[in-house]
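Visitor: build me a model:
(one chain, ligands or ions: 1)
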Amino acid sequence: MSAPQPLIFRKGLDMKEAVAGELAAAYDSALVDRVRESDFQFTSGRLIVHLAREFGFCYGVDRAVDYAYQARRRFPGRNVFLTGEIIHNPYVNDRLRSEGIRFLTDPGENADRLGNDDVVILPAFGVTVREMARLSNQGCTLVDTTCGSVLNVWKNVVRYAQDGYTAIIHGKVKHEETRATASQALKYPQGRYLVVLDRVEAAIVCDYIRHDGDPAALLERFAGAFSPGFDPDVDLQRVGCANQTTMLMTESLEIGEMFRAAMRDRYGEEALASRFRAFDTICSATQERQDAVIALLEHQTPDLMLVIGGYNSSNTCNLARICAAKVRTYHIADPGCLLSGDEIRHRPVGAPSTTSGLEETSRGWLPPTGTLVVGLTAGASTPNNIVGEVIRKLEGFCADTQKVKS
Ligand code: SF4
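Guide: Residues are numbered from 1 along each chain as shown. This is a model prediction of the structure:
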């Protein structure tokens, strides 16, 4: 008897209107709407907040969360699972748990036990080819929320593999999206990939392309970041660049140019067309949020920036990096991090985003008197209600210090 075919929903579950009210109640903020309408500025007493013009939930996250709520409604009485975090925001993930959605990564859950009656939601950053095949074989009903921008990267990586190019992926090797993207290269027997984190790692590989080197040393340096059977002497002869969609756009573009130059140096200009490929695969939402903080910092001079988002959210960490290069910046997960007008809990900017739990507390973060100008932005997985609560808390701290003064 053949295995039951999985039912895969990629285009919503016809319950959009039914969940619209629930979504608005859980994630919207009337205050943030008002700030938007007031030219992205909020003023109260000595506090002035400038909100970036693009911030918070992106189209991919919006859709993923919407599908999760729809799935819960569409399959009452059935177990609905997520393969792991739907997006990198603890508040949103906890809300989904409270809706009765179970996380396969939570203690006590076991993906081996899934079967025909179970519904499994795939997150916005996708799952690996192997995981997808396994869930399909188990006969689960799959609700696929993989973002279209991620699918676009996969399309390019598959094409590289088909045509014999090694995918050089600018990304974080432990990030779910990068793992899923890399797995696409393995759809073809000749498919290869190598993940580079940043310019430093890209420079090491480019140096190898130009001058050769010790393959064992290169493999040791990039342990865990390349496909099975990767041979630097063979697999770096034809390369195609791709990236995790949430990386720093300027860095991704620079890395692409570094590889182009290395291939040109090694094989000559004429050979470039047959040895090097690149596609801009940063998603537009990531780019718009990065552009918006750059514009904010060009037009305003805040005393400090607050960047709100999950500590394992790659795009939030990159927004914080951009801001920290210009002004004192705190990456906070939620309003609970604002302990008082004196103390703030935050993630040190530049710490690896895949290391969870790294947080420090700083004192004296808010000047106690005088006009206070705060720049504010939020990563693509941060809902508006969290942004609104941060503004309210700031307002409260500034009102307190005003009272003390008077
Ligand atoms: S950050 Fe970009 S790729 Fe990721 S879910 Fe949002 S729109 Fe999609």
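Visitor: C-alpha from now on. contacts and neighbour counts both.
Guide: Fine.
Visitor: ok, the residue nearest to Thr43 when sequence neighbours are not counted - contacts?
Guide: Spatial nearest neighbour of Thr43, excluding adjacent residues (Cα to Cα, 6 or more residues apart in numbering): Val49 at 6.4 Å. Val49 is in contact with Gln41, Phe42, Thr43, Val373, Val374, Gly375, Leu376, Ile391, counting by Cα atoms under 8 Å, 6 or more residues apart in numbering.
Visitor: where's Val49, which helix or strand?
Guide: strand 47-51 (DSSP states H and E).
Visitor: neighbours around Gly77, how many?
Guide: Applying other Cα atoms under 10 Å, we find 9 residues neighbouring Gly77.
Visitor: and it, what's its pLDDT?
Guide: On the pLDDT scale, Gly77 is placed at 90.
Visitor: gap between it and Asp118?
Guide: According to Cα to Cα, to the nearest Å, Gly77 and Asp118 sit 10 Å apart.
Visitor: what's the answer for Ala111, then?
Guide: Distance from Ala111 to Asp118, by Cα to Cα: 10 Å.
Visitor: in the sheet, who's paired with the residue nearest to Thr43?
Guide: Val49 forms beta bridges with Phe42, Val374, as assigned by DSSP bridges.
Visitor: residue of the protein nearest the ligand, please.
Guide: Gly60 (3.7 Å; Cα to the nearest ligand atom).
Visitor: and the stretch 101-250 of the chain, which residues reach the ligand?
Guide: Proximity of the stretch 101-250 of the chain to the ligand (Cα under 6 Å from any ligand atom) is limited to residues Ala124, Cys147, Ser149, Val150, Thr245, Thr246.
Visitor: any idea how many residues pack against the third one?
Guide: Close neighbours of Ser149, defined as other Cα under 10 Å, add up to 20.
Visitor: check contacts around the closest residue to it other than its chain neighbours.
Guide: Closest residue to Ser149 apart from its sequence neighbours, by Cα to Cα, 6+ apart: Cys283 at 5.7 Å. With contact set as Cα under 8 Å, 6+ apart, Cys283 has these partners: Ser149, Val150, Thr245, Thr246.
Visitor: I'd like those as JSON lines, with secondary structure and pLDDT appended.
Guide: Shown next, in JSON lines, are the contacts of Cys283 (DSSP: H, G, I helix; E, B strand; the rest coil; pLDDT from 0 to 100):
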{"residue": "Ser149", "secondary structure": "helix", "pLDDT": "93"}
{"residue": "Val150", "secondary structure": "helix", "pLDDT": "95"}
{"residue": "Thr245", "secondary structure": "coil", "pLDDT": "92"}
{"residue": "Thr246", "secondary structure": "coil", "pLDDT": "89"}
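Visitor: buried subset of those?
Guide: Buried members of the contacts of Cys283, counted by 16 or more other Cα atoms under 10 Å: Ser149, Val150, Thr245, Thr246.
Visitor: got the contact list for the nearest residue to the last one once chain neighbours are set aside?
Guide: If the residues on either side of it in the chain are set aside, Thr246 comes closest to Asn315, at 4.8 Å by Cα to Cα, 6+ apart. Listed by Cα under 8 Å, 6+ apart, the contact partners of Asn315 are Thr246, Met247, Leu248, Thr286, Gly379, Ala380.
Visitor: mind checking which of these land in strands?
Guide: Among the contacts of Asn315, no member falls in strands (DSSP state E).
Visitor: picking up where we left off before, and the pLDDT for the residue nearest to Thr43?
Guide: 98.
Visitor: what of Val404?
Guide: Val404 is given a pLDDT of 55.
Visitor: ok, Pro352 next?
Guide: Reported pLDDT for Pro352: 66.
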